[in-house]
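Undergrad: Have a look; sequence and predicted model below, questions after that.
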Amino acid sequence: MTGRLSPGTLAGLPAAISRPRYDRAGLDVGIVHIGLGAFHRAHQAVYTDDALNAVPGAWGICGVSLRSPDTRDALAPQAGLYTVGVRDEEGERLRVVGSVVETLVAPEDPAVVLARLVDPRVRVVTATVTEKGYCHNPATGELDASHPDIRHDLLNPTQPRTLAGFLVEALRRRRAAGRPPFSVLSCDNLPGNGEVTGSILRAYAAMLEPDLDHWIADNVSCPSSMVDRIVPATTADDRIRISAALGVEDAAPVVTEPFTQWVFEDRFPTGRPAWEDFGAEPVADVRPYEAMKLRLLNASHSCIAYLGYLAGYQTVAETIADPAFERFVGALMDDEVTPTLRMPAGADLAGYKAALLARFANPALRHRTWQIAMDGSQKLPQRILVTIRDRLAAGAPFDRLALGVAAWMRYVRGVDETGAPIDVRDPLAERLRRLAEEAGPVAGRLAPALLSVREVFGDDLPANPAFVTAVTGALEGLFDRGAWYCVERLG
């Protein structure tokens, strides 16, 4: 192996490896993506790469990291090039993606990021900052004005830290310069992610400058979207294997599954790439598709993560290979989630669910249960609790969903079923740990302690006897018999 993946080494790659067919040097930056992680590079950047192969020119991507320089440090020596490895039981197919032409790290120089956002050639801003990146209350969807980073940005609007801070300051400057605003497309797992984004931008703008919120409401389009592709964290083995196949070092590959889906509301006043020519689905209303994905895939993933981890499984594929877990997840989707969905005519829910079980079982992807378990306080309201509320309103049972909530409670105690410590990664980790320590390993004390976290459960669920009874009973089962027994009993 000699050299590093770069524009100069592209021509020497093995013929079987796909690569950009356009002149990257001639690209304008038309998209800024905030949250330059593995998911974006395996999903939206691939659709954009396909679009640029067909019509090169205006839609190069500037990727912005709001926190760590790691991705920039890996991509910059490669001029933004990286490899996507699509893996399944039949092997791995590699392609080099070239749509990311600039990488920035916001904390290093916020002024450079703001200048890029104000550039009139930028017409679309996309975001994958995870649920916690919206600095909102997950139970209500409203901006958390007390969030320390929001407070910082309001006091230092030219040196922002947050998604809202960067976007609103850039929009304020574009308005002052007489430039049209960009469209803002959230690609995060939030119900009504476009509505949430617009609400957060307006709330922040109202606190920053009089009437700016009204201008944003009248002029800035925030379409909703649903994105779907499983993208595990890249490992050292992945980098070694892919670099060996390339014949040059790639410090920033991503691995993923063959399946990919992107549904978005088609509201982009200043234009967008022709993503639909490569499988994306523009629609008038994304909400049914969003609910399908959040309630089927993401809810199942979270239940697999907490219950599988507690049962001793390290990956999703290992977990779903256990017949008890496969039956449990199938019944969860069929009996508790599907009755809450309202899909357009012709939608193939049965096919989608069957595909999900096959995707979960993909042995080529090492999607760690621990990775999916991160940030549960932000994920539970959208993935599980919204469905539980619908089941409660219908007077219908939700035993499997309740077990998923109880498993989260058991997990955030920070001690697994063997007594080993769990590395709990969550914005509320310290608070959750203190509540759990004070309550002890007693379901009747731990459940009400954690239900007091209103950012997760709101005011309605802790006051609902059916919900409290179901979750407390499930938690008792986890303490008394363990995760595997509880899953097997409900499978």
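TA: Thanks, I have the structure now.
Undergrad: Confirm for me that Ile200 is in contact with Asn137.
TA: No. Counting by C-beta atoms under 8 Å, Ile200 does not reach Asn137; the two are 10.5 Å apart. Backbone N, C-alpha and C define where each C-beta goes, glycine included.
Undergrad: quick one: low-confidence ranges for this protein?
TA: Where the chain drops to pLDDT under 70, the residues are 1.
Undergrad: residues near Asp423, how many?
TA: Neighbours of Asp423 under the rule other C-beta atoms under 10 Å: 9.
Undergrad: Excluding chain neighbours, what is closest to it?
TA: Trp370 (7.2 Å; C-beta to C-beta, 6 or more residues apart in numbering).
Undergrad: any idea how far the one you found lies from Val424?
TA: Trp370 is 10 Å from Val424, where distance means C-beta to C-beta, to the nearest Å.
Undergrad: Pull up the pairing partners for whatever helix or strand Val263 lives in, direction included.
TA: Per DSSP states H and E: Val263 is located in strand 261-265. Using DSSP bridges, strand 261-265 pairs in its sheet with strand 225-228 (antiparallel), strand 281-283 (parallel).
Undergrad: Point out the most buried one among these.
TA: Most buried of the strands paired with strand 261-265, by mean neighbour count (mean count of other C-beta atoms under 10 Å): strand 225-228, with a mean of 22.
Undergrad: Skipping adjacent residues, who's closest to Pro339 in space?
TA: Distance criterion C-beta to C-beta, 6+ apart; nearest residue to Pro339, sequence neighbours excluded, is Ala396 at 6.9 Å.
Undergrad: Tell me the spacing between that neighbour and Gln261.
TA: Taking C-beta to C-beta, one finds Ala396 at 28 Å from Gln261.
Undergrad: Among these two, which residue is more densely surrounded?
TA: Each of Ala396 and Gln261 has its neighbours counted (other C-beta under 10 Å); Gln261 has more, 17 against 13.
Undergrad: Now do the shared contacts for Ile200 and Asn137.
TA: Common contacts of Ile200 and Asn137, defined by C-beta atoms under 8 Å, 6 or more residues apart in numbering, comprise Leu143.
Undergrad: Quick check on these two: which one has the bigger neighbour count.
TA: Regarding Ile200 and Asn137, a neighbour count based on other C-beta under 10 Å identifies Ile200 as having more, with 25 against 18.
Undergrad: residues in contact with the more buried one?
TA: For Ile200, the contacting residues are Tyr134, Cys135, His136, Leu143, Leu163, Ala164, by C-beta under 8 Å, 6+ apart.
Undergrad: run the last query once more with 7 Å
TA: Shown in contact with Ile200 (C-beta atoms under 7 Å, 6 or more residues apart in numbering): Tyr134, His136, Leu143, Ala164.
Undergrad: Most widely separated two among the residues you listed?
TA: Spatial extent of the contacts of Ile200 (C-beta to C-beta) is set by the pair His136 and Ala164 at 9.1 Å.
Undergrad: so what sits against both of these two?
TA: Jointly contacting His136 and Ala164 under the rule C-beta under 7 Å, 6+ apart are Leu143, Ile200.
Undergrad: Report how many residues lie close to Leu155.
TA: Per other C-beta under 10 Å, the neighbour tally for Leu155 reads 8.
Undergrad: repeat for Gly491
TA: Per other C-beta under 10 Å, the neighbour tally for Gly491 reads 17.
Undergrad: right, and it touches Gly330 too?
TA: No. Gly491 is beyond contact range of Gly330, at 8.1 Å (criterion: C-beta atoms under 7 Å).
Undergrad: which residues of this protein fall in strands?
TA: Taking DSSP state E, the strands of the chain run over residues 29-34, 60-65, 82-88, 91-97, 100-105, 124-127, 183-186, 225-228, 254-256, 261-265, 281-283.
Undergrad: In contact with Gln378, which residues?
TA: Applying C-beta under 7 Å, 6+ apart to Gln378 gives the contacts Glu131, Lys132, Pro138, Pro427.
Undergrad: what's the distance between Glu209 and Arg175?
TA: 10 Å.
Undergrad: same thing with Tyr309?
TA: Between Tyr309 and Arg175 the computed distance is 48 Å (C-beta to C-beta).
Undergrad: before we move on, what about Ile216?
TA: From Ile216 to Arg175 the distance is 9 Å (C-beta to C-beta).
Undergrad: With Tyr134 instead?
TA: Here Tyr134 is placed at a distance of 22 Å from Arg175 (C-beta to C-beta).
Undergrad: More neighbours: these two, which one.
TA: Between Tyr134 and Arg175, Tyr134 has the larger neighbour count (other C-beta under 10 Å), namely 26 against 17.
Undergrad: Quick check: that one touching Glu195?
TA: No. Taking C-beta under 7 Å as the definition, Tyr134 is not a contact partner of Glu195, at 11.7 Å.
Undergrad: what sits against the residue nearest to Thr48 when sequence neighbours are not counted?
TA: Leaving aside its sequence neighbours, Thr48 sits nearest to Ser99 (C-beta to C-beta, 6+ apart; 4.3 Å). Shown in contact with Ser99 (C-beta under 7 Å, 6+ apart): Ala45, Thr48, Asp49, Leu52, Gly60, Ile61.
Undergrad: Ala280 now?
TA: With contact set as C-beta under 7 Å, 6+ apart, Ala280 has these partners: Tyr47, Trp262, Phe264.
Undergrad: I'd like those residues as TSV, with neighbour count appended.
TA: Shown next, in TSV, are the contacts of Ala280 (neighbours: other C-beta atoms under 10 Å):
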residue	neighbour count
Tyr47	21
Trp262	22
Phe264	26
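Undergrad: Tell me the one of these nearest Ala205?
TA: Nearest to Ala205 among the contacts of Ala280, with distances taken as C-beta to C-beta, is Phe264, at 23.6 Å.
Undergrad: how far away is that closest one from Ala164?
TA: Distance, Phe264 to Ala164, by C-beta to C-beta: 21 Å.
Undergrad: Show me where the stretch 101-250 of the chain has its helices.
TA: In the stretch 101-250 of the chain, the helices defined using DSSP state H, counting those that start in this stretch lie at 110-118, 148-155, 163-176, 193-208, 212-219, 236-246.
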